[in-house]
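A.B. asks: missing the sequence, but the structure's below:
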């Protein structure tokens, strides 16, 4: 699943571990290539060139998933796709993504309805800013930046304590999330390239489903409780009348086991709360996706039609035209004033 992060602080990552990969959104500029090191190939690493517009987010997520197939159950469709494209060059892999009916269907299924075609310019006639997604993943003891607009993956360095050992696991692997200490400075460096006033960035973490994490933790806690119950039963729990007869050591040991049991039950209860919160969050996401993808144009057209039957729209239109003209005159006056000062 995907979790949005609001900083690169260690505490932020701690709450969502394990982190399989990061997806970073930033304002794209044409001179971005000048600031990066030379791309290099890495055996076994999935990297695809982006060959279609407005697909960088989907491609960034795929870059994480397909490089973590040993840690994530990516399903039959993506497994087959990964096997099919294994020996393809980056350009062919990009074409394979664009030609995959399943991937295209899922991608389009999450796009919002665009009933009106725009010219790609804002209200002032200026071209709108372009934004781009890139992925950061650990692989074979190294951290890579995967940008579909580049010719290949960029090696950001070795994971601390890993030394590029190819025998070690990729994607979180045996060194946990140490790879984040390599990826975070690279993201901070990207942010620093922009002007101080630029705040339009977004950081997403591809993580294990938090509901599954909590469920597995709860199961571990309950197994621990059952083991402690068996231990206490075999030892005999301390009853008040018997306390004086028991040795101080046995009382202390039993008390320690009871404390461990209570602690495990508390963690299990916290996991229940987490599961409930995650289920509520997913339900809310489903509602938001339904609303975002729904086509409201027929409803809006019908509403305007009914209003037109009961309202004199000519007066409304003239009023709006007048307000628009006043705003335009004000912008023009402000522009002339600025030119005069210069």
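C.D. replies: Ah, there it is. The model shown is predicted, which means the values in this text are computed figures rather than measured ones.
A.B. asks: tell me which stretches of the stretch 101-250 of the chain form strands.
C.D. replies: 131-139, 142-146, 154-158, 202-207 (DSSP state E, counting those that start in this stretch).
A.B. asks: average model confidence for the helix or strand containing residue 303?
C.D. replies: Per DSSP states H and E, residue 303 falls inside helix 297-310. Helix 297-310 carries an average pLDDT of 83.
A.B. asks: now find how far off-centre it is within its chain.
C.D. replies: 39 Å (Cα atoms, centre = their mean, to the nearest Å).
A.B. asks: between helix 297-310 and the following helix or strand past it, find me the angle.
C.D. replies: Next in sequence after helix 297-310, counting helices and strands by DSSP H and E, comes helix 313-341. Counting by axes from the mean of the first three to the mean of the last three Cα atoms, to 10 degrees, helix 313-341 points 110 degrees away from the direction of helix 297-310.
A.B. asks: do I have it right that residue 222 meets residue 268?
C.D. replies: Yes - between residue 222 and residue 268 a contact is recorded at 5.9 Å, counting by Cβ atoms under 8 Å. No exception for glycine: its C-beta is placed from N, CA and C like everyone else's.
A.B. asks: for the two, work out which one has more neighbours and name it.
C.D. replies: residue 268 (18 against 15; other Cβ atoms under 10 Å).
A.B. asks: what about the closest residue to the more buried one other than its chain neighbours, distance to residue 265?
C.D. replies: Ranked by Cβ to Cβ, 6 or more residues apart in numbering and with sequence neighbours excluded, the top spatial neighbour of residue 268 is residue 221, at 4.1 Å. Remark: distance between residue 221 and residue 265 (Cβ to Cβ, to the nearest Å) = 7 Å.
A.B. asks: what of residue 20?
C.D. replies: According to Cβ to Cβ, residue 20 stands 31 Å off from residue 265.
A.B. asks: neighbour count winner among the two?
C.D. replies: Taking neighbours as other Cβ under 10 Å, residue 20 and residue 265 compare with residue 20 leading, 21 against 15.
A.B. asks: what's near enough to touch the more buried one?
C.D. replies: 64-65, 68, 71-72, 137, 171-172, 206-208 (Cβ atoms under 8 Å, 6 or more residues apart in numbering).
A.B. asks: residues touching the spatially most central residue of the chain, list them.
C.D. replies: Closest residue to the average C-alpha location of the chain: residue 204 at 3.0 Å, with Cα atoms, centre = their mean. Counting by Cβ under 8 Å, 6+ apart, residue 204 makes contact with 2-5, 22-25.
A.B. asks: and the helices in this structure, which stretches?
C.D. replies: 10-14, 56-65, 75-85, 90-99, 101-109, 180-192, 210-235, 248-293, 297-310, 313-341 (DSSP state H).
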